[in-house]
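Trainee: Below is the sequence, then the predicted model.
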Amino acid sequence: MTNQADLLAPFRGERYAARDRLGALIAPPYDVISPDERARLAARDPHNIVHVILPQAAEPASDPYTHAAALLANWRASGVLARDAEPAVYVVAQEFALPTGERRERIGMFAALKAEPYETGRVKPHEKTHAGPKADRLALLRATHTFLESIFVLAPDRGGELAQGLTAVTKRPPGARAELDGVRLRLWVVTGDDASRLTGVASRSPVYIADGHHRYETAVAYARENSAAGRLVTFIVSVRDPGLSVLGTHRLIHGVGVDPGKLLEQWRRWFEVGRVAPCADRMERLEQLGQGRTACLVAFPGDYHISLALKADAPLDEIPELGRTPAVRALDVARVDALVVQALLRSASPTPTVTYTPDPRAAFDAVRKGSAAAAVLVNPTKIEQVIAVADAADVMPQKSTFFAPKVPSGIVLLAAE
């Protein structure tokens, strides 16, 4: 059995000294920030973390990564950032609303994760990564020598001890509060034996990357160059946390010439086809249809909404592009992408594209307003499916998961020793 004991550890984090206005200083992860959002965050405060995670040099010819390093050095020298005196874990509770309006609270902790190749079997991925984002993050890491953002991992926590321990911490008064994009945050700093106990529990089994595959692989590459940089900041959540939420990532088809009539003829081979009234609760209907089988809704212009529920005898073995392992072939998104989205793309012209949103209202509105030719609404991927795909050493189709809410950047940083 693989030794797990040193997988996670407390660390001496760097944090903003101005704890009373943390909400003005933190930001979403770099890869979900649009240019407009970056400008808004940058204008909020000159020390907002967006200035270093998405650096923009003052002069066009200047190197943005060098600019980020200079900013960070200035913040340290002027006391904007300060390093904690002793190793700790940083427990964060995020209170948020789902698209349905239901409110939840997710509890996790920031700790230091060993940056090591996937081959050790202790950190398991489920996504394919791309060279461009990793080159960008590695250049920033080399310039700043600091892990500016965390990744997000799931701990199997079979006995529920991690979830119980984190919940117990939240019964104390928090050390800081903040709000970001409607998500309320509370922060606790846990040191000493309590911190070691929490990381020990979380280290008992391999952990599964939820978000941050590019950042993790970048950290592994950097650790090969710099032996002192063997750990990265990681946010760990128990799979038993009742607030752990995955949203469906809905597909928007952009193009012209989509003919619903011809598509329905194709889809009837695979699906039971129905009509959904615009006045109905469409997402509730999708959830009902997806009980025990793959289902989706397709929205066309003119409030024409259809439901597709996979037939029990659908000949899925005839579709090799579903995936190479049973874990992937069982995913709703794999089946919907292969049988529904690809059919829509083939029917659209001249050069159709796909975009994604976790917000069903945004998907329906895009079709109604004409900015999308069609929208495909899907049920969320289940946590156990994420783990099954990772255990099978396979990867999911693009945009198979959307863990909500995102883990903020800027709560705690880790300088490479």
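Mentor: Nice, I can see it. None of the values given here were measured: they were computed from a predicted structure.

Trainee: where does this structure have low pLDDT?
Mentor: Applying pLDDT under 70 to the chain flags the ranges 1-3, 61, 417.

Trainee: What residue spans form the domains of it?
Mentor: 8-245+404-415, 249-399 (automatic domain parsing).

Trainee: now these in a markdown table, with mean neighbour count?
Mentor: C-betas here are computed from N, CA, C, even on glycine. Formatted as a markdown table, these follow (neighbours: other Cβ atoms under 10 Å):
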| stretch | mean neighbour count |
| --- | --- |
| domain 8-245+404-415 | 18 |
| domain 249-399 | 17 |
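
Trainee: Find the nearest non-adjacent residue to residue 379, please.
Mentor: residue 290 (4.2 Å; Cβ to Cβ, 6 or more residues apart in numbering).

Trainee: residues touching the one you found, list them.
Mentor: Residues in contact with residue 290 (Cβ atoms under 8 Å, 6 or more residues apart in numbering) are 309, 332, 379.

Trainee: Which members of the residues you listed are positioned in strands?
Mentor: residue 309 (DSSP state E).

Trainee: Residue 187 is in contact with residue 92, isn't it?
Mentor: Yes - contact between residue 187 and residue 92 holds when scored by Cβ atoms under 8 Å: they sit 5.5 Å apart.

Trainee: and for these two, which residues touch both?
Mentor: By Cβ under 8 Å, 6+ apart, the residues touching both residue 187 and residue 92 are residue 411.

Trainee: Show me the contact partners of whatever helix or strand residue 346 lives in.
Mentor: Using DSSP states H and E, residue 346 sits within helix 342-347. The contact list for helix 342-347 (Cβ under 8 Å, 6+ apart) reads 253, 255, 257-259, 262-263, 266-267, 298, 352, 354, 373-374, 376.

Trainee: C-terminal to it, what's the next element?
Mentor: The helix or strand immediately downstream of helix 342-347 is strand 349-357, counting by DSSP H and E.

Trainee: re earlier: may I have the phi/psi pair for the residue nearest to residue 379?
Mentor: Note on residue 290: its backbone torsions stand at phi -90, psi 10 [degrees, to the nearest 10].

Trainee: ditto for the one 10 residues further on
Mentor: Its backbone dihedrals place residue 300 at phi -110, psi 160, with angles given as degrees, to the nearest 10.

Trainee: if I pick the residue nearest to it when sequence neighbours are not counted, what's in contact with it?
Mentor: Computed as Cβ to Cβ, 6+ apart, the closest residue to residue 300 that is not its neighbour in sequence is residue 260, at 5.1 Å. Neighbour list for residue 260: 300, 304, 306 [criterion: Cβ under 8 Å, 6+ apart].

Trainee: Next one: the second one from residue 210, what distance?
Mentor: Using Cβ to Cβ, to the nearest Å, residue 304 is found at 35 Å from residue 210.

Trainee: In this structure residue 372 contacts residue 364, no?
Mentor: No - the criterion here is Cβ under 8 Å, and residue 372 misses it with residue 364 at 9.6 Å.

Trainee: quick one: residue 145 and residue 120, what's the gap?
Mentor: Distance from residue 145 to residue 120, by Cβ to Cβ: 24 Å.

Trainee: Within its sheet, name the partner strands of the longest strand belonging to the chain and how each one runs.
Mentor: Identified as the longest strand of the chain according to DSSP E is strand 103-114. Here strand 103-114 has these sheet partners by DSSP bridges: strand 8-9 (antiparallel), strand 88-97 (antiparallel), strand 231-238 (antiparallel).

Trainee: want to try CSV for the ones you listed, with distance to residue 111 as columns?
Mentor: CSV is the format used below for these (distance: least, Cβ to Cβ, whole Å):
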stretch, distance to residue 111
strand 8-9, 5
strand 88-97, 5
strand 231-238, 6
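
Trainee: Figure out which of these is closest to residue 275.
Mentor: The closest of the strands paired with strand 103-114 to residue 275 is strand 88-97. By Cβ to Cβ, the value is 30.2 Å.

Trainee: residues making contact with that closest one?
Mentor: Contacts to strand 88-97, defined as Cβ under 8 Å, 6+ apart, come from residues 10-13, 103-111, 166, 169-170, 174, 182-191, 195, 198-199, 235, 243, 404-405, 411-412.

Trainee: Can you flag which of these belong to helices?
Mentor: 166, 169, 195, 198, 199 (DSSP state H).

Trainee: so how far is residue 287 from the fourth one?
Mentor: Distance of residue 198 to residue 287, given as Cβ to Cβ: 35 Å.

Trainee: same thing with the last one?
Mentor: As defined by Cβ to Cβ, residue 199 lies at a distance of 37 Å from residue 287.

Trainee: Then the first one?
Mentor: When Cβ to Cβ is the yardstick, residue 166 and residue 287 sit 29 Å from each other.

Trainee: host element of residue 74?
Mentor: helix 64-77.

Trainee: Can you tell me, leaving aside adjacent residues, what's nearest to residue 32?
Mentor: Residue 32's closest residue in space is residue 406 (Cβ to Cβ, 6+ apart), at 6.1 Å.

Trainee: my bad, should have said residue 230
Mentor: residue 223 (5.2 Å).

Trainee: correct me, but the one you found touches residue 115?
Mentor: Yes - if you go by Cβ under 8 Å, residue 223 and residue 115 touch, sitting 4.3 Å apart.
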